[in-house]
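**Q** kindly generate the corresponding structure for this input.
(one chain, ligands or ions: 1)
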Amino acid sequence: MTFEFRTSINVKCGNGIVDSLGTEVLKLGHNRVLFVTDPGLVKADISARGTDSLKAAGVEFEVYDTIEPNPRDNSLEAVWERVKDQNIEAIVGFGGGSAMDGAKAIAVLARNGGRLSAYDGPGKITNGALPVIAIPTTAGTGSEVTSNAAITDAARHQKMSLRSPSIIPSLALLDPDLLATLPVKIAAESSMDAITHGFESYISNRANTLSEGLSVQSLEYLCPNIRPFVANRADSVVAKKMLVGSMFAGTVIGNTGTGNVHALARALGGIYDLPHGLACSMMFPYVARFNFIACPGKYKVFARLLGLQPDGRSDSAVCDMVVDELFRLCADLGIPTRFSEIGLDDLNIEAVSEVAIGNSGPNPRTTTRADLEYLLRQAA
Ligand SMILES: [Fe+2]
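**A** Numbering: from 1, shown residues only. You can find the predicted model right below:
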């Protein structure tokens, strides 16, 4: 057996752990940081938990609090231009995937300069990055432990993927209290994104013994808790399980990559600015049916993790159970599974598939552009 699994995460988890941000930043040796967050968290007075902690510890900080849902390269470049002469020593990403990925991108600019489009893809970031401290406010992307950042190329309307071990956050603080007032739509879509990470990493053709164990563990946390979490984000026991599950899944996708759900979601995010979690959720049931013939044994395991009873059933019956359950899960969480339901009646299937085929990566079933067009037509 030959395999490689790399990670270098530093995670602290607990109720109220966010209040230690300032002292943790000092412990890491930083005295002045850029604090990146989104307007919704400012309005809900949640990001103040982070900035209050920085103030209390005497850490100086600049704030960028207008991160976009799909952060754009030109916006992030403008932020770094504004603060680059202010002796910023680290970047704090406080929020969902957008805030954390935006923080990582700014950290890359700080050490490498130029335009973010120069760093799209593996091996492009040669001068490292400023340290990033990540505080997730969704149980979703796992960006707090990953070595990549998804950034929109505003000129080309495409999602780029900045990739380097240097952008794995030097510290992630997981605090379930921060999820208590998460809007229900974001809770639902980002949590489904986390489940797609667990499943796509599990069936990835780059999966190995170690990654498979972590993928299953992530799904053990996520699958039974997603409905209760979306129903009541203030249940901090459930919220903590979701945070841990999404963190495990994030740790794995850095090694295994993702599959067709993410290939299509990235294309839809770049072209139509669709929220990542929504795009992943919508494509998940269709892609799950498509991929089944590649690894039916793993679908049996996934079925059990979803709370189903696959024993004694044929492989195709198990696939039907899994796909039916994914549609039911989306329905229960209020997530649409057709583009027509979100006003995208004129989806440009050719344009989306053209971008997505370049991202198909380690999907377990060999995929052609015609296959991706078929998957998109199913969701039309
Ligand atoms: Fe994702």
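
**Q** quick one: neighbours of residue 125, just the number.
**A** By the measure other C-beta atoms under 10 Å, the count of residues near residue 125 is 21. Glycine gets a C-beta too; all of them are placed from N, C-alpha and C.

**Q** an error on my part: the question was meant for residue 129.
**A** Residues near residue 129, counting by other C-beta under 10 Å: 25.

**Q** and the pLDDT at the residue of the chain positioned farthest from its centre?
**A** Distance from the C-alpha centroid of the chain peaks at residue 312, with 35.1 Å (C-alpha atoms, centre = their mean). Residue 312 is assigned 96 on the pLDDT scale.

**Q** go on, residue 345?
**A** As predicted, residue 345 sits at a pLDDT of 89.

**Q** do the same with residue 359
**A** Confidence score, pLDDT, at residue 359: 79.

**Q** break the chain into its domains for me.
**A** 11-179, 184-378 (automatic domain parsing).

**Q** list the contacts of residue 31.
**A** 59, 60, 89 (C-beta atoms under 8 Å, 6 or more residues apart in numbering).

**Q** also residue 355?
**A** Neighbouring residues of residue 355 by C-beta under 8 Å, 6+ apart: 158, 266, 267, 270, 271.

**Q** switch to 10 Å and redo it
**A** Residue 355 makes contact with 156-159, 263-264, 266-271, 372, according to C-beta atoms under 10 Å, 6 or more residues apart in numbering.

**Q** so who does the residue farthest from the centre of the chain touch?
**A** Each residue near residue 312 by C-beta under 10 Å, 6+ apart is listed here: residue 318.

**Q** so the spatially most central residue of the chain: helix, strand or coil?
**A** Residue closest to the average C-alpha location in the chain (C-alpha atoms, centre = their mean): residue 141, at 1.9 Å. For residue 141, the assignment made with DSSP: H, G, I helix; E, B strand; the rest coil gives coil.

**Q** on that earlier part again, can I get the contacts of residue 355 in a markdown table including neighbour count and secondary structure?
**A** Converted to a markdown table, the contacts of residue 355 look like this (neighbours: other C-beta atoms under 10 Å; DSSP: H, G, I helix; E, B strand; the rest coil):
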| residue | neighbour count | secondary structure |
| --- | --- | --- |
| 156 | 14 | coil |
| 157 | 15 | coil |
| 158 | 19 | strand |
| 159 | 22 | strand |
| 263 | 27 | helix |
| 264 | 28 | helix |
| 266 | 26 | helix |
| 267 | 26 | helix |
| 268 | 27 | helix |
| 269 | 25 | helix |
| 270 | 24 | helix |
| 271 | 20 | helix |
| 372 | 27 | helix |
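
**Q** which of these sits closest to residue 363?
**A** Nearest to residue 363 among the contacts of residue 355 is residue 263, at 7.1 Å by C-beta to C-beta.

**Q** can you tell me which residues contact the closest residue to that closest one other than its chain neighbours?
**A** Leaving aside its sequence neighbours, residue 263 sits nearest to residue 359 (C-beta to C-beta, 6 or more residues apart in numbering; 3.8 Å). Contact analysis of residue 359 by C-beta under 10 Å, 6+ apart lists 158-159, 161, 257-260, 262-267, 270, 372.

**Q** kindly report the same for residue 211.
**A** Residue 211 touches 3, 4, 5, 201, 202, 204, 251, 252, 253, 254, 255, 256, counting by C-beta under 10 Å, 6+ apart.

**Q** can you report how many residues neighbour the fifth one?
**A** Neighbouring residues of residue 202 were enumerated by other C-beta under 10 Å; the total is 26.

**Q** please renumber so the chain begins at 44
**A** Taking 44 as the first residue, the last one we looked at is residue 245.

**Q** past the strand or helix carrying it, which element shows up next along the chain?
**A** Element membership of residue 245, judged by DSSP states H and E, is helix 227-246. Where DSSP H and E defines the elements, the next helix or strand beyond helix 227-246 is helix 252-265.
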